[in-house]
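A.B. asks: okay, here's the prediction I keep looking at, along with the sequence it came from:
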Amino acid sequence: MRHYFRFVLVPALLWASPVGAATVSAAPASAGTVPAAAVYGTNAAADADWRQDGADAGRSGHQALTGRLNRAVAKHLTRAWTAPAGGPSEQVGDAIAIDGTVFRSTGGAATDRGMIRRYDAVTGHDLGPIVVSAPGEAFGQLAAAGDTLLVESIARPSLQRTLFAYTLTGTPKWKTPLEDAVSGGFTTAGDLILRSAGTTLTAYRTADGTPAWTASLGGEPGFHPPVRAGDLVLQATEPPPLSAEPGPAGPGAPAAAKSSRILAFDAATGTPAWQHDSSGAELVAAAGTVYSVGEPGVCAYAAADGTRRWCDAETLESPVHASVGDGVLFVVDGHGGLAAFDAGSGARRWRTSYGLDAEVNASYWAPVNGGGVVYAVVYHFAVRGGVSTHRVELVAADAATGGLLRRLELDVDALHGGESLLLSGDHLYFAAVQRLYAMGPKP
């Protein structure tokens, strides 16, 4: 599971939310703007599937095929169906979409088995479980690599972490133990499964789960997963606490850094390729560029050698997550801001606010984009008359202008941060703790 912290929300939703309430500021794109037809993200290969968090090995969050879900239709986006986690003690672990079917993992502190269920992606019809016999396992992050389903699990009561592999019909293939340290989850990248835990990056073979190589990071990535760009694996680390004392580095290990850093490794061997200071530990990669997001701002680097291409430290306050598609980088911050940058030059295209009249307007989830629209799940908290109120909603913004097209309230009452948002075909799916949400065009 991607995050270890949890906060509980109660649905007392008191605000009106007119679409036109947000303000949009725009800046002209530079002459170096990448044409809209440019291919950004590996999802551009005519595939409506969403096989892992972030969709592809670069975690671009881009979907090239969205059917009829365009700007006009997004204005009327509605909830299509929901599926509960199961019993009172169960939680939704994660969800992916393959060939018109949504796969969902479940687990929980008191459940006696891990489970993976299937649903018709459009109607929500329950197609039944394919995995029901993982005793004592709480299934979390779910992904697919080719014809292999991968799920990370925590055993009860030992808390041993394990990566399980199944066929798409639920037949066990292999399992491998995982290091029990803080991790941002794993990323599938062809023949490799990439996962950082603590200060170590490990590449596992998709075929049998055995380690292909390990690499020392010289710092901790925290909850930020690795990405792959071409022949390189990229992982960013967080700056150490101010009170931290630099420790000795092992043979071949990079020196401890005082700020966030991006480290690049050869995907075949794990050999270090380059490292560079970065603006943050959250990464997305596409079209030969890796983008870093963090408190200091947003920066772009050449994936091949780490050369810095551009940075923006002014547009957003405390950027947290990003998505890139069709030559545009979309970034959401933790204070009500959503902005778009030219992916090649860094020129700001627009900035809008998703905030309401609330003390807290924040997002803890990566946005997704496709069909000329960028989508984000956001959270609002306010105190009115001594009563605390909460609101969780999906917002849709025009990718070209930043104008808000739709605000769709989700009756979410428990979140842990980092839940997956999927864009597959003409539907979106949000794997909240207590239920899976499907949103699409009005019938």
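C.D. replies: The structure has been received and is ready for your questions. Worth saying up front: this structure is predicted, and the values here are computed from it rather than measured.

A.B. asks: residue ranges with poor pLDDT in the chain?
C.D. replies: Under the criterion pLDDT under 70, the flagged ranges of the chain are 1-46, 87-89, 108-112, 133, 242-258.

A.B. asks: how about 50 then?
C.D. replies: 1-21, 28-45, 243-256 (pLDDT under 50).

A.B. asks: how about the helices in it?
C.D. replies: Secondary structure of the chain (DSSP state H): helices at 71-74.

A.B. asks: distance from the centroid: which residue in it tops it?
C.D. replies: The centre of the chain is farthest from one residue, Gly385, which by CA atoms, centre = their mean lies 35.8 Å away.

A.B. asks: wait, isn't Asp231 in contact with Thr271?
C.D. replies: No: Asp231 lies out of contact with Thr271 (CB atoms under 8 Å); the separation is 10.9 Å. (Each C-beta comes from the backbone N, C-alpha and C, glycine too.)

A.B. asks: shared neighbours of the two, anything?
C.D. replies: Counting by CB atoms under 8 Å, 6 or more residues apart in numbering, no residue touches both Asp231 and Thr271.

A.B. asks: what about the residue lying closest to Arg308 once chain neighbours are set aside, how many residues nearby?
C.D. replies: The shortest distance from Arg308 to any non-neighbouring residue, by CB to CB, 6 or more residues apart in numbering, is to Tyr301 (5.4 Å). The local packing of Tyr301 (other CB atoms under 10 Å) involves 27 other residues.

A.B. asks: OK, contacts around Tyr301?
C.D. replies: When contacts are counted by CB under 8 Å, 6+ apart, Tyr301 touches Ile262, His276, Ser278, Thr289, Val290, Tyr291, Ser292, Thr307, Arg308, Arg309.

A.B. asks: neighbours of the fifth one, how many?
C.D. replies: Same thing as Val290. Taking other CB under 10 Å as the criterion, the count of residues near Val290 is 26.

A.B. asks: circling back: mind checking how far the residue farthest from the centre of the chain is from Gly288?
C.D. replies: With the distance defined as CB to CB, to the nearest Å, Gly385 ends up 53 Å from Gly288.

A.B. asks: same deal with Trp81?
C.D. replies: From Trp81 over to Gly288 (counting by CB to CB), the distance is 39 Å.

A.B. asks: the two: who's more crowded?
C.D. replies: Looking at Trp81 and Gly288 with other CB under 10 Å, you find the greater number of neighbours at Trp81, namely 20 against 10.

A.B. asks: count of neighbours near the closest residue in space to Arg205 that isn't next to it in sequence?
C.D. replies: Residue nearest to Arg205 in three dimensions, not counting chain neighbours: Ala212, with 5.2 Å by CB to CB, 6+ apart. The criterion is other CB under 10 Å. On that basis, Ala212 has 18 neighbouring residues.

A.B. asks: same check, this time on the one 3 residues further on
C.D. replies: A total of 24 residues lie near Ala215 under the criterion other CB under 10 Å.

A.B. asks: what's the answer for Asp277, then?
C.D. replies: The burial count assigned to Asp277 is 17, neighbours taken as other CB under 10 Å.

A.B. asks: show me what contacts Trp174?
C.D. replies: For Trp174, the contacting residues are Phe164, Ala165, Asp208, Gly209, by CB under 8 Å, 6+ apart.

A.B. asks: in strands only, show me the residues you listed.
C.D. replies: When those are checked against strands using DSSP state E, the ones located there are Phe164, Ala165.

A.B. asks: between the contacts of Trp174, which is nearest Leu436?
C.D. replies: Proximity of those to Leu436 was ranked by CB to CB; the top entry is Phe164 with 20.0 Å.

A.B. asks: next one: that closest one from Ala264, what distance?
C.D. replies: Applying CB to CB, the value for Phe164 to Ala264 is 29 Å.

A.B. asks: Arg309 now?
C.D. replies: Separation of Arg309 from Ala264 (CB to CB) stands at 15 Å.

A.B. asks: which one's more surrounded, the two?
C.D. replies: Ala264 (23 against 15).

A.B. asks: do I have it right that that one meets Gly230?
C.D. replies: No: the criterion here is CB under 8 Å, and Ala264 misses it with Gly230 at 10.2 Å.

A.B. asks: what do these two both touch?
C.D. replies: Each of Ala303 lies in contact with both Ala264 and Gly230 under the rule CB under 8 Å, 6+ apart.

A.B. asks: let me see the contact set for the closest residue in space to Asp180 that isn't next to it in sequence.
C.D. replies: Excluding its sequence neighbours, the residue lying closest to Asp180 (CB to CB, 6+ apart) is Arg161, at 5.1 Å. The neighbourhood of Arg161, defined by CB under 8 Å, 6+ apart, consists of Glu152, Ser153, Ile154, Ala155, Pro177, Leu178, Glu179, Asp180.

A.B. asks: tell me how far the closest residue to Ala83 other than its chain neighbours lies from Met115.
C.D. replies: Spatial nearest neighbour of Ala83, chain neighbours left out: Leu436 (4.5 Å); criterion: CB to CB, 6+ apart. In this structure, Leu436 and Met115 are separated by 13 Å, where distance is defined by CB to CB.

A.B. asks: hang on, the earlier thing: could you identify the most distant pair in the contacts of Trp174?
C.D. replies: In terms of CB to CB, these reach their longest pairwise distance at Phe164 and Asp208, which sit 12.8 Å apart.

A.B. asks: what about the two, which has more around it?
C.D. replies: Regarding Phe164 and Asp208, a neighbour count based on other CB under 10 Å identifies Phe164 as having more, with 22 against 10.

A.B. asks: for burial, what's the neighbour tally of Ala313?
C.D. replies: 12.

A.B. asks: now Asp312
C.D. replies: When neighbours are counted by other CB under 10 Å, Asp312 registers 19.

A.B. asks: what residues are up against the residue nearest to it when sequence neighbours are not counted?
C.D. replies: Of all residues beyond its chain neighbours, the one nearest Asp312 is Val298 (5.0 Å), with distances taken as CB to CB, 6+ apart. Contact criterion CB under 8 Å, 6+ apart gives 279-280, 291-292, 311-313, 315-316, 319, 322, 329, 331, 341 as the residues in contact with Val298.
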